[in-house]
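Novice: Structure here, sequence nowhere to be found:
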């Protein structure tokens, strides 16, 4: 990844020249920001916006200093401070990495609670309606060519997993696809929400696929819905992308409700049979 981010004092100079000086003005000292502070802020922003992803390895110190056009001691000081903040991790002889656990995910007990109460999965589906719909909208609106290529690759992996009948691989691929779409939206809050909710969303997607695979004839319809979302994003049609996302999740919700009703009917029938035997 190439980072062309030279650090200079031009913005500060413009600010200074824009100040109109008068004889009666009370002057405050204007301090040039410390170079390591500016580097620290730049790296923090790259992490915040998702350009530097969790677990990603930074360029070697010499190369990174050249990219920033700064001295290596200043860069080293900035990295040390980010390491102290828990944003970076330095491995002896292995380089510097963005921390993998940057976003504290919702607690495991909450994820387990949702798993133990299937009806709560519908609440999570409603949340997915909001998050995935707006992510698809902004991905179509703001996604770069590189973003769209990554979405295209993830979409292909989903289809391959489905063709192979590999439930686990398909569920994993769907999550990677959604991460790619959310990154393409270029909204840091959306991206952080997705990562914080990661464990719950992964569990929800996997549980949905376990049920959908009971009705394999429905998988083709689900696949066509997902294709419409993908096509709208690539065609840069935000409203169509959002609408396609809502239709896709509404269809899944309808299937899950049908399966839930079937399960309830089956349980009632079993109870009646058991009572007759007694």
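Specialist: Received, thanks. Only a predicted model underlies this, so the values are computations on that prediction, with no experimental measurement involved. Numbering: from 1, shown residues only.

Novice: Please count neighbours and contacts with C-alpha atoms only from this point.
Specialist: Noted.

Novice: Contacts only, for residue 249.
Specialist: Shown in contact with residue 249 (CA atoms under 8 Å, 6 or more residues apart in numbering): 125, 128-129.

Novice: any idea which element the closest residue to residue 167 other than its chain neighbours lies in?
Specialist: Counting by CA to CA, 6 or more residues apart in numbering, residue 167 lies nearest to residue 209, which is 6.7 Å off, once chain neighbours are set aside. In this assignment (DSSP states H and E), residue 209 forms part of helix 198-212.

Novice: Can you tell me which helices and strands that helix packs against?
Specialist: helix 108-116, helix 120-142, helix 167-185, helix 238-277 (3 or more CA pairs under 8 Å, 6 or more residues apart in numbering; DSSP states H and E).

Novice: Could you point out the helix or strand that follows the third one?
Specialist: Downstream of helix 167-185, the next assigned helix or strand under DSSP H and E is helix 188-196.

Novice: cool, the second one as well?
Specialist: Tracing the chain C-terminally past helix 120-142 and defining elements by DSSP H and E, one meets helix 145-163 next.

Novice: how far off helix 167-185 does that next one point, in degrees?
Specialist: If you take axes from the mean of the first three to the mean of the last three CA atoms, to 10 degrees, helix 145-163 sits at 160 degrees to helix 167-185.

Novice: Now do helix 145-163 and helix 120-142, the angle between them.
Specialist: Using the same axes, to 10 degrees: helix 145-163 against helix 120-142 is 140 degrees.

Novice: And helix 145-163, what does it pack against?
Specialist: Applying 3+ CA pairs under 8 Å, 6+ apart, one finds that helix 145-163 contacts helix 167-185, helix 219-234.

Novice: 7 Å - rerun?
Specialist: For helix 145-163, the packing partners by 3 or more CA pairs under 7 Å, 6 or more residues apart in numbering; DSSP states H and E come out as helix 167-185.

Novice: List the buried residues for the helix it packs on?
Specialist: Burial within helix 167-185, assessed by neighbour count using 16 or more other CA atoms under 10 Å, is assigned to 167, 169-185.

Novice: And for stretch 188-195?
Specialist: 190-192, 194-195.

Novice: Ok, stretch 121-135 next?
Specialist: Buried residues in stretch 121-135 (16+ other CA under 10 Å): 121, 125, 128-129, 131-135.

Novice: and it, how far out from the chain's middle?
Specialist: 14 Å (CA atoms, centre = their mean, to the nearest Å).

Novice: Quick one: residues in contact with it.
Specialist: Stretch 121-135 is contacted by residues 114, 181-182, 185, 204, 242, 245-246, 249 when judged by CA atoms under 7 Å, 6 or more residues apart in numbering.

Novice: likewise stretch 226-239?
Specialist: With CA under 7 Å, 6+ apart, stretch 226-239 has contacts from 136-141, 148, 240-241, 244-245, 248.

Novice: Mind putting the buried residues of stretch 121-135 into TSV with pLDDT?
Specialist: TSV is the format used below for the buried residues of stretch 121-135 (pLDDT from 0 to 100):
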residue	pLDDT
121	74
125	84
128	89
129	90
131	93
132	94
133	95
134	96
135	97
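
Novice: quick one: which of the buried residues of stretch 188-195 is nearest residue 74?
Specialist: Using CA to CA, residue 192 is the member of the buried residues of stretch 188-195 that lies nearest residue 74, at 29.2 Å.

Novice: ok, residue 75 touching residue 36?
Specialist: Yes - contact criterion CA atoms under 7 Å: residue 75 and residue 36 qualify, at 6.1 Å.

Novice: got TSV for the helices and strands packed on helix 198-212, with distance to residue 222 too?
Specialist: Output for those, formatted as TSV (distance: least, CA to CA, whole Å):
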stretch	distance to residue 222
helix 108-116	23
helix 120-142	15
helix 167-185	12
helix 238-277	7
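
Novice: Which among those is found nearest to residue 52?
Specialist: helix 167-185 (11.4 Å).

Novice: Can you name every helix or strand that that closest one contacts?
Specialist: Helix 167-185 packs on helix 120-142, helix 145-163, helix 188-196, helix 198-212, going by 3+ CA pairs under 7 Å, 6+ apart.

Novice: Flag the shaky bits of this structure, pLDDT-wise.
Specialist: 1-28, 30, 102-119, 263-278 (pLDDT under 70).

Novice: What are the contacting residues of the helix or strand encompassing residue 80?
Specialist: Using DSSP H and E, residue 80 sits within helix 72-84. Helix 72-84 has contacts (CA under 7 Å, 6+ apart) with 35-37, 39-40, 61-62, 65, 88-89.
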